[in-house]
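Q: Need coordinates for the below:
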Amino acid sequence: MRAIYLFQDEYPWDIRVEKIVSSMINAGILTTIVSRNRRGLPREERTDSGIAIRRLPKGLTSIDRNLLNFPAFFSPIWIRELEKAVIKDSADILIVRDLPLSPTAYYVGNKYKIPVIIDMAENYPAMIQDTWQFQGPNPFDYLIRNPILLRKLERWIIPKLNGIWVVSEASRRRVEGITGCRNLMWVVGNTPRIQESQASKPHPFADMLKTKNALRLLYVGGLEKTRGLQTVLLSLPIAIKKLGKNIHLLIVGHGQAINDLKNLVSNLQLDEHVSFAGWVDQQYVPGIISASDICLVPHYVTEHTNTTIPNKIYDYLAQGKPVIVSHAQALRDIVEELGCGRFYHDHDFEKLADILVELSNENLRKTLGNAGRAMVLEKYNWQADEKILLKSLEQMIESYSKNRKTFA
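A: Sure thing, here's the model as predicted:
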């Protein structure tokens with residue numbers, strides 16, 4: 001089997017794309033990623049792990065490169081490059097990441113008579129709606145990144161595709177409302193490779209956490225306004241006062257809200273209790289998780305966060321760390337099913353402070369963390385999702401072949 005993975009952003013790097021494509025290659029499925037080219041990287045490349053990449057044109061300057069590479073479904077550049085890859089690789093199946101380029105994949109798949117799977121890593125219209133709500137739209141967004149138009153596109157294109165990967169049961173339920181059935185839809189989660197999530201490489205911020213005589217909190221991820229870190233910061237003075245002991249929060253990541261967060265830290269006089277690590281290479285994150293006591297996923301509750309599960313929650317659980325999450329449905333489902341932590345209503349910083357006080361109990365933290373780790377080792381890991389992934393590809397090819405024979 002030969003496959004093309006159509007990725008609207010630049011590769012490298014994306015953890016989900018890397019896991020999916022590596023699993024396919026290890027199973028003997030020759031796979032090429034067709035991706036954007038933001039930085040003027042080589043048009044064709046093969047990574048050390050054997051992943052073949054075919055990028056869009058570099059252009060002459062960053063300005064024309066951005067125009068050439070913009071992931072619009074009607075872009076003749078994307079259509080041409082995808083067709084070239086399909087022909088060159090004699091592809092048997094086409095996988096498209098998320099909504100923007102799904103019509104492109106549908107057109108090419110239909111033209112060359114190969115099935116198309118959409119990898120719905122996000123509820124894309126809802127994600128764009130969050131961007132509009134918390135950051136505001138750019139003028140060009142009204143035409144290209146308009147959540148109303150994207151919802152119409154989603155309802156039109158999803159039933160036409162041959163298979164769907166979603167990241168959670170909550171996402172499955174949402175997509176069922178669009179497609180009207182569960183046929184040829186699989187949950188392929190954002191779960192970790194067990195060995196990698198437990199590997200611990202030294203890092204200065206891990207060392208810093210270990211030296212803190214405090215309840216050590218950790219957040220890893222983007223620093224957009226939707227991530228709910230404002231609620232976390234507001235909870236800290238209350239929790240510190242109730243506990244009568246120090247609390248230290250390490251924030252790992254970057255994003256547009258970082259200056260607002262730093263200003264809030266200063267206004268709340270939390271400078272000695274909060275550290276910003278900035279972006280940290282993924283290989284060092286497990287060591288930082290290992291040095292923490294409690295890990296946080298405080299996302300504000302929106303349609304997007306209700307159906308999306310971030311990779312990091314499983315990375316936390318794999319190391320036996322209890323988690324505190326907002327009441328976003330997909331996150332709450334995990335905490336309630338696994339018994340691995342606590343949840344609070346996303347803006348209720350007083351409730352969050354009470355939870356921090358409760359989880360200052362080391363024995364309780366160990367009980368919750370062990371419960372989460374056991375379920376990750378048993379069920380919520382990439383080894384399990386990889387089996388679903390590979391089986392879905394077999395089913396997809398078989399179903400497509402039968403349908404072609406039936407209607408030939």
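
Q: which strand is the longest one in the chain?
A: Counting residues, the longest strand found in the chain (DSSP state E) is strand 2-10.

Q: I'd like the mean pLDDT over the helix or strand following that one, please.
A: Once the chain leaves strand 2-10, the next helix or strand it forms, by DSSP states H and E, is helix 15-26. Across helix 15-26, pLDDT averages out at 96.

Q: where do the strands sit along the chain?
A: With DSSP E as the definition, the chain shows strands at residue ranges 2-10, 30-36, 44-46, 52-55, 93-97, 116-120, 163-166, 185-187, 215-220, 247-252, 274-278, 294-297, 323-326, 341-344.

Q: now the fifth one: how far from the chain's centre is it?
A: Just to be clear, that refers to strand 93-97. A distance of 17 Å separates the centroid of the chain from that of strand 93-97, by C-alpha atoms, centre = their mean, to the nearest Å.

Q: Paired strands for the longest strand of the chain, with orientation please.
A: The pairing partners recorded for strand 2-10 under DSSP bridges are strand 30-36 (parallel), strand 93-97 (parallel).

Q: Tell me how far that strand lies from the chain's centre.
A: Distance of strand 2-10 from its chain centroid, counting by C-alpha atoms, centre = their mean, is 16 Å.

Q: I'd like the strands of the chain laid out as TSV, including mean pLDDT and mean neighbour count.
A: Backbone N, C-alpha and C define where each C-beta goes, glycine included. Below are these laid out as TSV (pLDDT from 0 to 100; neighbours: other C-beta atoms under 10 Å):
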stretch	mean pLDDT	mean neighbour count
strand 2-10	97	22
strand 30-36	96	23
strand 44-46	94	11
strand 52-55	96	21
strand 93-97	97	26
strand 116-120	97	25
strand 163-166	96	24
strand 185-187	95	18
strand 215-220	98	23
strand 247-252	97	23
strand 274-278	96	17
strand 294-297	98	26
strand 323-326	98	25
strand 341-344	98	22
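
Q: Let me have the ones you listed in TSV, adding distance to residue 259 as columns.
A: Listed next are the strands of the chain as TSV, based on distance: least, C-beta to C-beta, whole Å:
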stretch	distance to residue 259
strand 2-10	25
strand 30-36	28
strand 44-46	35
strand 52-55	33
strand 93-97	30
strand 116-120	32
strand 163-166	35
strand 185-187	37
strand 215-220	17
strand 247-252	13
strand 274-278	11
strand 294-297	20
strand 323-326	23
strand 341-344	26
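
Q: which one of those lies closest to residue 384?
A: Among these, the nearest to residue 384 by C-beta to C-beta is strand 185-187 (10.6 Å).

Q: can you list contacts of that closest one?
A: Strand 185-187 is contacted by residues 163-169, 171-172, 175-176, 179, 388-389, 392 when judged by C-beta atoms under 8 Å, 6 or more residues apart in numbering.

Q: Return the item of these having minimum pLDDT.
A: Lowest in pLDDT among the contacts of strand 185-187 is residue 179, which has 80.

Q: Skipping its backbone neighbours, what lies nearest it in space?
A: Spatially, and ignoring its direct neighbours in sequence, residue 179 is nearest to residue 159 (5.3 Å; C-beta to C-beta, 6 or more residues apart in numbering).

Q: The one you found contacts residue 180, correct?
A: Yes: in this structure, residue 159 is within contact of residue 180 by C-beta atoms under 8 Å, at 7.5 Å.

Q: Run through the residues that contact the nearest residue to residue 342 once chain neighbours are set aside.
A: Sequence neighbours aside, residue 355 is the residue nearest to residue 342 in space, at 4.7 Å (criterion: C-beta to C-beta, 6+ apart). Applying C-beta under 8 Å, 6+ apart, we find residue 355 in contact with 324, 342, 344.
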